[in-house]
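Visitor: only the shape, not the letters, is given here:
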């Protein structure tokens, strides 16, 4: 009985294996009766012309106009099922600032076969929905715009010009005005309606903004005349009145402040009468009043602009208003309000920095999730392919059973090894991103300490009623804060910019410690415009020398900063003739150690792969009389040739 049961068991197992061996899996066939849309070339061409007519004008149509046109086209049964309906619907949502609906409308195009022009429009609307003309464009979005532009160029799309407009705006916000000017030229070159005076006026106006930023006053005047000519040709009162705004900017650039105020006020009154005011017109009018020494009017319009932004809940950079309010209150002698305006500038900068860092972290997280999803899809496809192969091999399972076992073992080993490599790769990518964030954090770690000390010094001057000195100190301080806000955005700045910032900082300290020390900055044979250096590398050591080396010094302090090239390295030496290690040893050592650690970590992040390595050397009591400190910084020589 036992043998019979065992035989029946083996027969049953063999039967089950045979069933699996000869079982087959077939894909379900698609329904041949599924509704399809037969292309109609003539109708599609008319739809494309409608989109081109709307998108080729510099000023967008209103959402109501587009909706009306879409409803007219819906009377044609073919339009509702064509991809042009989704494109026009997404465009309508974009004009209505309904960004989520734009993405939903564009998703309707997934899986459809699109012509190159439709693919270009789909990319453009997807990018434009997340593009801001008010903030700095992220590097990720710039890369998306460039990729979409290259695709449009490769397929000779009539809508190529749209991407050059976005690139020009992005580069203008990044202060890359020459490249922005080139992209403006490309925008006009690829524009399909160059003969339209609206397009020509927009082209001249965009060039005017670039020449304004580049301080090219010779071309600025000619461009303004061209703008005025084409504005009159449009016979559009809004465009014609906008020329007053351009005139105000031109007069401002040539220091004709009374005329700048007059033109700016005319444009402001027009927008106010037409109920189309915006934050920029408040800022421009206030700035022109300030330049014309009409301080009270400037304060009024800067505050009115801030109220306008708050009332309409607009996402607008308010630092321009606070910085100019600080200057205006200082000129008026109202140092308390000037202090609060300066503090508001710092708080707004702090919030802006936190927002930018949050956006960077969000971009990194989004990229990580996308990569993780792609890896999961790849793994799923690999697994499905392998399972299909196993099903096919079941026909010969009795012959290759042993080989199959080895194959499964090899597959498990290979898959685990792949997962291990993927995990290592992900960890390396995460560490690289962390290094970039740490570098930015270290770079900004020095700024708040300086700002807090400077504000404390300013409070001391105000309390002692030294108004003239406080006013001068406040002007120098605002210039230094501007340098911090602008230069710390860059990984590298020119040596000329660094020296100007150091000069401004040392002047602040000389005002604080009168007749205590003198200084000298040498550059030798170096061209400061061609040498690049990380910002805020030298300032902490200069601060140490002033704060500690010259404290209670019985003789005149001397601070010397020397820049020179040593083979492929930039050698920076900061020398003082102060106490050295003789007094205040504990405090000086602690401060120097903290600055050295922060700066050393920044150099390690910036020049991790440099050979020879970047380094810092500190020599106390280096002079013959055993006094003073010498700090030497060695970094790779980075040159920029314009």
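Guide: Here it is on my side, so go on. Just so it is clear, the structure is predicted and the values come from calculations on it, not from any experiment.
Visitor: next one: the longest helix belonging to the chain to chain centre, how far?
Guide: Longest helix in the chain by number of residues (criterion: DSSP state H): helix 335-393. On the basis of Cα atoms, centre = their mean, to the nearest Å, helix 335-393 sits 15 Å off its chain's mean C-alpha point.
Visitor: and that helix, what does it pack onto?
Guide: Using 3 or more Cβ pairs under 8 Å, 6 or more residues apart in numbering; DSSP states H and E, the elements in contact with helix 335-393 are helix 319-332, helix 401-444, helix 447-463, helix 467-487. Placement of C-beta: from N, CA and C, glycine included.
Visitor: point out the most buried one among these.
Guide: helix 319-332 (a mean of 22; mean count of other Cβ atoms under 10 Å).
Visitor: quick one, it and helix 467-487 angle?
Guide: 170 degrees (axes from the mean of the first three to the mean of the last three Cα atoms, to 10 degrees).
Visitor: so residue 322 touches residue 339, yeah?
Guide: No: contact criterion Cβ atoms under 8 Å: residue 322 and residue 339 do not qualify, at 11.5 Å.
Visitor: in JSON lines: the helices and strands packed on helix 335-393, plus distance to residue 181.
Guide: Converted to JSON lines, these look like this (distance: least, Cβ to Cβ, whole Å):
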{"stretch": "helix 319-332", "distance to residue 181": "23"}
{"stretch": "helix 401-444", "distance to residue 181": "29"}
{"stretch": "helix 447-463", "distance to residue 181": "32"}
{"stretch": "helix 467-487", "distance to residue 181": "21"}
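Visitor: what's the closest of those to residue 174?
Guide: helix 467-487 (12.0 Å; Cβ to Cβ).
Visitor: elements contacting that closest one?
Guide: helix 319-332, helix 335-393, helix 447-463, helix 495-512.
Visitor: redo that, cut-off 10 Å
Guide: helix 319-332, helix 335-393, helix 447-463, strand 493-494, helix 495-512 (3 or more Cβ pairs under 10 Å, 6 or more residues apart in numbering; DSSP states H and E).
Visitor: redo these as JSON lines? Include mean pLDDT and distance to residue 470.
Guide: Putting these into JSON lines (pLDDT from 0 to 100; distance: least, Cβ to Cβ, whole Å) gives the following:
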{"stretch": "helix 319-332", "mean pLDDT": "85", "distance to residue 470": "8"}
{"stretch": "helix 335-393", "mean pLDDT": "73", "distance to residue 470": "6"}
{"stretch": "helix 447-463", "mean pLDDT": "74", "distance to residue 470": "4"}
{"stretch": "strand 493-494", "mean pLDDT": "90", "distance to residue 470": "29"}
{"stretch": "helix 495-512", "mean pLDDT": "89", "distance to residue 470": "10"}
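Visitor: and those: which comes nearest residue 153?
Guide: Closest approach to residue 153 among the helices and strands packed on helix 467-487 (Cβ to Cβ): helix 335-393, 26.0 Å.
Visitor: that closest one to helix 319-332, inter-axis angle?
Guide: Using the same axes, to 10 degrees, helix 335-393 lies at 170 degrees relative to helix 319-332.
Visitor: give me the angle between helix 335-393 and helix 447-463.
Guide: 170 degrees.
Visitor: with respect to burial, which of the helices and strands packed on helix 467-487 scores highest?
Guide: helix 319-332 (a mean of 22).
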